[in-house]
Structures are given as structure tokens and as C-alpha cells.
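Engineer: Pasting a predicted model and its sequence here:
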Amino acid sequence: MFKNVNRRREEEKIVRSENRLPPGQSLTNKFPVLHYGTVPRVNLDSWDLNLFGALEENVTWSWKEFNQLPRCSVTLDLHCVTRWSKFDTVWEGVSLATLISEGFIKPKAEAKYVIQHCEHGYTTNTPIELVLQGNFILATHYDGKPITSDHGYPLRGLIGAFSDGAEAKSAYLWKGGKWLRALEFRADDQLGFWEKAGYHNEADPWKEQRFSVDNWMSRFR
Ligand SMILES: Nc1nc2c(c(=O)[nH]1)N[C@H]1C(S)=C(S)[C@@H](COP(=O)(O)O)O[C@H]1N2
Ligand SMILES: [Mo]
């Protein structure tokens with residue numbers, strides 16, 4: 001127990017010295033589970049992923065089709081708005097940028113925002129540039145194994161900071177939807193579930209963009 005506490009502090013000191021610990025965050029070696037509502041039951045035979053909106057053509061992929069797309073892996077530091085950070089997490093899945101560069105989907109020029117739609121109606125919104133970076137992944141595997149149900153099986157969006165320090169904009173973990181079922185491409189922005197509840201729209205952990213009075217007030221406009 002004390003050994004674990006000391007190890008955690010040592011590891012935190014290291015990531016802080018490497019400038020990988022954003023302000024107000026602390027390191028955890030656990031993987032907390034956070035979401036609103038219940039964990040959905042999944043039937044892979046009827047599961048599909050829909051990409052729609054400002055695209056030349058909408059597409060729907062079955063689980064089997066999704067698994068035939070080009071795959072990649074990435075190592076990310078995760079930062080949760082509830083103040084824990086988890087470092088050097090390894091994810092595998094599909095890169096949205098690759099889907100575009102290899103012609104699997106063709107966003108129209110007007111596509112400026114992407115909304116992730118999840119089971120039970122959870123949504124989260126981002127500018128398209130953010131989810132075209134290599135530190136956003138449509139993830140099927142964590143740490144070499146299929147993602148567990150709690151963390152979003154069979155597919156989740158995931159955004160983090162590159163663990164190797166490569167420059168990229170990042171965002172708090174809520175900007176990745178667990179149990180992802182659709183990606184909507186839009187010309188205009190539309191606040192997602194937590195964004196409507198008052199979380200910050202940009203959610204940059206380095207700027208500590210945790211909450212926004214503006215977003216919360218938008219409920220009353
Ligand atoms: N579908 C769905 N995805 C979600 C959420 C949710 O409530 N539903 N919560 C978000 C929030 S607030 C966080 S912090 C992360 C937590 O991911 P984890 O449970 O894998 O740690 O999932 C995000 N994705
Ligand atoms: Mo969260």
C-alpha cells in the first residue's frame with residue numbers, strides 16, 4: 001500500500017519534469033470508469049457504425065466491415081476533467097484521418113465539426129481538425145485486448161496527448177465517446193452531452209478548460 005503510494009509519487013514527479021502533467025491533474029495507475037447511465041449490452045451481429053452529414057456519401061459499416069479498415073496504434077496520455085491523468089496508454093483501432101486520406105469517406109468542404117453519437121444518446125462535439133489528428137482514434141483495443149464493456153466495448157472515440165511529446169492539440173477524456181455508433185459531420189457546431197451541462201467546449205487540459213458558464217447558459221437561450 002505505502003509502496004504503491006510512493007511509486008505513484010515518483011512516477012508523477014517524472015511526468016511533471018517531462019511537462020506531461022497538465023495543471024491541476026494528478027497521476028493515477030488505475031483506470032477509473034466514468035459515464036452517465038448504464039453500460040449498454042452489445043450485439044455485434046446488429047451493431048453498425050454510421051458516418052453521416054456533410055459527406056459526399058454517407059456510409060454504414062457492420063462490425064465485420066469495420067474490422068477490415070486499415071488499423072493503427074497510438075500511445076497516449078489521458079487527462080480526465082475530474083483531475084486524474086493516466087500515462088502511456090496503448091490503443092489500437094482506426095484513424096479518421098486515414099479513412100479520409102484513403103478515400104473511405106469524403107467530407108464536404110463545409111464539414112467543420114464532428115459529433116460522436118453513442119449508445120443511450122451520449123454525444124460529444126469537436127472541431128474536425130481535432131479528430132483528424134493522430135491523437136484521436138476510433139479505438140477497439142486497449143493494452144492489446146478488446147476494450148472492456150465499462151470502457152466502451154466494442155468501439156470508442158479516444159483523445160489524449162501523445163506520450164512521446166509530439167505536438168498536438170489535446171482535450172479532456174470526455175471528448176471521446178464510449179460505445180460509439182455514429183459520427184456526424186456538420187458545418188455548424190452543436191454542444192454535446194457534457195458540453196450542454198456546462199463543460200468547456202474546447203476542453204484543452206493545458207489551458208484547464210474544464211467548465212464554461214457560457215455553455216451552461218446556452219440552455220436558457
Ligand atoms: N457514451 C459515453 N461516453 C462517455 C461518457 C458517457 O457518459 N457516455 N463519459 C465521458 C467522460 S465524462 C469520461 S471522463 C470518459 C471516461 O472514460 P473511461 O470510463 O474509459 O475512463 O468517457 C467519456 N465518454
Ligand atoms: Mo469525465
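Structural biologist: That came through fine. Keep in mind that this is a model prediction, so the values were computed, not measured. Numbers count the residues shown, from 1 in each chain. Ligands and ions are numbered 1, 2, ... in the order given.

Engineer: going forward, measure contacts and count neighbours with C-alpha atoms only.
Structural biologist: Noted.

Engineer: Show me what the helix of greatest length in the chain is in contact with.
Structural biologist: In the chain, with assignment by DSSP state H, the single longest helix is helix 2-17. Counting contacts by Cα atoms under 8 Å, 6 or more residues apart in numbering, the residues outside helix 2-17 that touch it are 21, 26-29.

Engineer: pLDDT added to these, as TSV?
Structural biologist: TSV is the format used below for these (pLDDT from 0 to 100):
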residue	pLDDT
Leu21	98
Ser26	97
Leu27	98
Thr28	97
Asn29	95
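
Engineer: Sheet partners, orientation included, of the very next helix or strand once past the longest helix of the chain?
Structural biologist: Secondary structure here is assigned by DSSP states H and E; on that basis, the next helix or strand after helix 2-17 toward the C-terminus is strand 26-27. Using DSSP bridges, the neighbouring strands of strand 26-27 in the sheet come out as strand 84-94 (parallel).

Engineer: Give the buried residues for the strand it pairs with.
Structural biologist: Of the residues in strand 84-94, those with enough neighbours to count as buried (16 or more other Cα atoms under 10 Å) are 84-89, 91-94.

Engineer: Tell me which other helices or strands the helix or strand that it is followed by touches.
Structural biologist: Downstream of strand 84-94, the first helix or strand assigned by DSSP H and E is helix 96-101. Secondary structure elements in contact with helix 96-101, counted by 3 or more Cα pairs under 8 Å, 6 or more residues apart in numbering; DSSP states H and E, are strand 136-142.

Engineer: Name every strand pairing with the strand it packs on and say which way it goes.
Structural biologist: Strand pairing for strand 136-142, using DSSP bridges, gives strand 84-94 (antiparallel), strand 145-146 (antiparallel), strand 156-159 (antiparallel).

Engineer: now those in JSON lines, with distance to ligand 1 and mean pLDDT?
Structural biologist: Conversion of the strands paired with strand 136-142 to JSON lines gives the following (distance: least, Cα to the nearest ligand atom, whole Å; pLDDT from 0 to 100):
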{"stretch": "strand 84-94", "distance to ligand 1": "9", "mean pLDDT": "98"}
{"stretch": "strand 145-146", "distance to ligand 1": "13", "mean pLDDT": "98"}
{"stretch": "strand 156-159", "distance to ligand 1": "8", "mean pLDDT": "98"}
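
Engineer: Ala111 is nearest to which of those?
Structural biologist: For Ala111, the closest of the strands paired with strand 136-142 is strand 156-159, at 18.4 Å, according to Cα to Cα.

Engineer: Keeping just the C-alphas, turn that closest one into PDB.
Structural biologist: The C-alpha trace of strand 156-159 is given here as PDB (Å, rounded to 0.1, in the frame of the first residue of the first chain):
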ATOM      1  CA  ARG A 156     -15.000   4.200 -28.600                       C
ATOM      2  CA  GLY A 157     -13.600   7.600 -29.600                       C
ATOM      3  CA  LEU A 158     -10.500   8.400 -27.700                       C
ATOM      4  CA  ILE A 159      -8.400  11.600 -27.500                       C
END
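
Engineer: what's the next helix or strand after it packed up against?
Structural biologist: Counting by DSSP H and E, the next helix or strand C-terminal to strand 156-159 is strand 161-162. Applying 3+ Cα pairs under 8 Å, 6+ apart, we find strand 161-162 packed against strand 72-79.

Engineer: now the strand it packs on: mean pLDDT?
Structural biologist: For strand 72-79, the mean per-residue pLDDT is 98.
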